[in-house]
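Participant: What shape does this take:
(chains A and B)
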Amino acid sequence: GENVEQHPSTLSVQEGDSAVIKCTYSDSASNYFPWYKQELGKRPQLIIDIRSNVGEKKDQRIAVTLNKTAKHFSLHITETQPEDSAVYFCAASYDKVIFGPGTSLSVIP
Amino acid sequence: KAGVTQTPRYLIKTRGQQVTLSCSPISGHRSVSWYQQTPGQGLQFLFEYFSETQRNKGNFPGRFSGRQFSNSRSEMNVSTLELGDSALYLCASSPKTGGFSGNTIYFGEGSWLTVV
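Facilitator: Numbering: from 1, shown residues only, chains lettered A, B, ... in the order given. Sure thing, here's the model as predicted:
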């Protein structure tokens, strides 16, 4: 069945450094790749997404890249801040949205 | 516009009992999906409903079921509860069905189920 892998499972960075989270997906039909951020005790919220006809998308300090051939996509956060600390989920979607297992990001002040 | 609303927020049940969780989607959204979230297991897809029809189903036993009403509100039911069913159950709504490109799903706050 469809599967999304996500690495690393935990990530700790110093404030101001960059953070990178990588995902791979198995269903080559996937054409939409959203990223969600879930703060402790709160609902997952969409932070950025990318469609299969685009290789890269940027929104302020957040960027996503997609390599459809390799079935890889990544989230890049630059100039990290303590409020970026959360669990991040990648997802791949064709006829249903399948999530990766999540990455717990800690930004150390 | 009101967000996705889930009730109840917290509940405790005993093994063997059954539970029904409710979800009201964002106004105008016709698709409702359900996910189970447990520590270490991430967000596991349960099923999706669109226009009162189940469109997709995840790999969960038949004890997990759901339905959608004509006003797009959805319920999920878990029968014969087991300890391992303890989890956060998240409902998500979207304007269109499933994973159409760019079809963002919006989550509710979830229902915390504890089975003792």
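
Participant: Where does the prediction get shaky in the chain?
Facilitator: If you meant another chain, say so; for now it's chain A. Along chain A, the model assigns pLDDT under 70 to residues A:1.

Participant: right idea, wrong chain: chain B
Facilitator: In chain B (pLDDT under 70), the answer is B:1, B:40, B:97-102.

Participant: What ranges does it have for its strands?
Facilitator: B:5-7, B:10-13, B:19-24, B:31-38, B:42-50, B:53-57, B:64-68, B:74-78, B:87-94, B:106-107, B:111-115 (DSSP state E).

Participant: Relative to the fourth one, what are the paired strands and their orientations?
Facilitator: Read that as strand B:31-38. strand B:42-50 (antiparallel), strand B:87-94 (antiparallel) (DSSP bridges).

Participant: Of those, flag the one that's most buried.
Facilitator: Most buried of these, by mean neighbour count (mean count of other C-beta atoms under 10 Å in any protein chain shown): strand B:87-94, with a mean of 24. The C-beta positions use only the backbone N, C-alpha and C, and glycine is treated the same way.

Participant: Now do that one: everything it contacts.
Facilitator: Outside strand B:87-94, the residues that touch it by C-beta atoms under 8 Å, 6 or more residues apart in numbering or on different chains are A:43-44, A:97, B:4, B:6, B:21, B:23, B:25-26, B:29, B:31-38, B:43, B:46, B:72, B:74, B:76, B:103-108, B:110-113.

Participant: Any of those buried? List them.
Facilitator: A:43-44, A:97, B:4, B:6, B:21, B:23, B:25-26, B:29, B:31-37, B:43, B:46, B:72, B:74, B:76, B:103-108, B:110-113 (16 or more other C-beta atoms under 10 Å in any protein chain shown).

Participant: Spatially central residue for chain B, please.
Facilitator: B:Trp34 (2.8 Å; C-alpha atoms, centre = their mean).

Participant: which ones are touching it?
Facilitator: Per C-beta under 8 Å, 6+ apart, neighbours of B:Trp34: B:23, B:45-48, B:66, B:74, B:76, B:89-92.

Participant: B:Ile12 now?
Facilitator: B:113-116.

Participant: Spatially, which residue comes closest to A:Val20, not counting chain neighbours?
Facilitator: Spatial nearest neighbour of A:Val20, chain neighbours left out: A:His76 (5.4 Å); criterion: C-beta to C-beta, 6 or more residues apart in numbering or on different chains.

Participant: Tell me how many other residues crowd A:Ala70.
Facilitator: 8 (other C-beta atoms under 10 Å in any protein chain shown).

Participant: circling back: can you tell me which of the contacts of B:Ile12 are classed as buried?
Facilitator: Buried, going by 16+ other C-beta under 10 Å: B:113, B:115, out of the contacts of B:Ile12.

Participant: chain center to stretch A:69-89: distance?
Facilitator: 5 Å (C-alpha atoms, centre = their mean, to the nearest Å).

Participant: C-alpha coordinates for it, CSV please?
Facilitator: The C-alpha trace of stretch A:69-89 is given here as CSV (Å, rounded to 0.1, in the frame of the first residue of the first chain):
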residue,chain,number,x,y,z
THR,A,69,11.8,11.1,-10.2
ALA,A,70,13.3,10.0,-6.9
LYS,A,71,10.0,10.4,-5.0
HIS,A,72,11.6,12.6,-2.5
PHE,A,73,10.5,15.9,-1.0
SER,A,74,12.0,18.0,1.8
LEU,A,75,11.1,20.9,4.1
HIS,A,76,13.7,23.5,4.8
ILE,A,77,13.3,26.0,7.7
THR,A,78,15.9,28.8,7.8
GLU,A,79,16.7,31.1,10.7
THR,A,80,14.9,28.8,13.2
GLN,A,81,13.1,30.4,16.2
PRO,A,82,11.9,28.8,19.4
GLU,A,83,8.3,29.0,18.2
ASP,A,84,9.3,26.6,15.3
SER,A,85,9.5,23.9,17.9
ALA,A,86,6.7,21.4,17.1
VAL,A,87,6.1,18.1,15.3
TYR,A,88,6.1,18.3,11.5
PHE,A,89,4.3,15.9,9.3
